[in-house]
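Trainee: Structure here, sequence nowhere to be found:
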């Protein structure tokens, strides 16, 4: 790590340093890395800190335990029903996560070790290379709980996969298994579970050995297409999601889901 640099992050986001590789771990394993206020804030702030680490060349993003990320923490999301300030802050941070990932200069490899749901799926798909465990799957269940899929899915998936294919999954929230995700263009390739982190590390070291400026500039050019295409849909998506957060239907579905989850 660059001399004097220390990562200032909540415990829910940890950074491991291994030569030129930084492994970012979503760290709420007992909750399947569901995104709460601290994990959300960590995801919004980690990218600038990684970019300031002058010895870093490649980043691996993965989840602790059995999941990549189970999406939004139900207690945290439910708190927005009575706290519009926290709700609006979550939307601001959500936009920051996507913007920071799109402008981040280093290649990022997602090692999707289990379910990647909601924001978890969006973050995974925003990475440069998406390696998925055979046990992993993607899903965006926003609509099922009365929300607009504004934090990535509705805006981002149609850039990567045929709209007719992505619509069904966005409208229903159905799971996309690892092999189907590759077929659709939402993942790069499937890896046996026991080999996932080793394969991610092997690829990371290979990318770290590439000429630094050529690799960074190539990523920057590629991401220009994404940033330009996403500008309008992302802004509209977040605005629509805020409106849907205030709906009676969302409140009813979210509270019912939380009650079912707690009764298990």
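Mentor: Structure received. Remember, predicted model here, so these are calculated numbers, not experimental data.
Trainee: Where do the helices of the chain begin and end?
Mentor: Secondary structure of the chain (DSSP state H): helices at 37-51, 74-79, 84-103, 119-125, 153-160, 163-172, 178-184, 196-208, 212-245, 248-263.
Trainee: Skipping its backbone neighbours, what lies nearest residue 257 in space?
Mentor: Closest residue to residue 257 apart from its sequence neighbours, by Cβ to Cβ, 6 or more residues apart in numbering: residue 145 at 6.1 Å. (C-beta placed from N, C-alpha, C; glycine too.)
Trainee: contacting residues around that neighbour?
Mentor: Applying Cβ atoms under 8 Å, 6 or more residues apart in numbering to residue 145 gives the contacts 250, 253-254, 257.
Trainee: From those residues, pick the one nearest residue 29.
Mentor: residue 257 (21.6 Å; Cβ to Cβ).
Trainee: How much space separates the closest one from residue 173?
Mentor: Distance from residue 257 to residue 173, counting by Cβ to Cβ, to the nearest Å: 11 Å.
Trainee: Please apply the same query to residue 22.
Mentor: In terms of Cβ to Cβ, residue 22 sits 32 Å off from residue 173.
Trainee: same deal with residue 18?
Mentor: As judged by Cβ to Cβ, residue 18 and residue 173 stand 36 Å apart.
Trainee: cool, residue 85 as well?
Mentor: Using Cβ to Cβ, we find residue 85 at a distance of 28 Å from residue 173.
Trainee: ok, the two, which is more surrounded?
Mentor: More crowded of residue 85 and residue 173, by other Cβ atoms under 10 Å: residue 173, with 17 against 8.
Trainee: That one reaches residue 137, doesn't it?
Mentor: No - Residue 173 lies out of contact with residue 137 (Cβ atoms under 8 Å); the separation is 11.7 Å.
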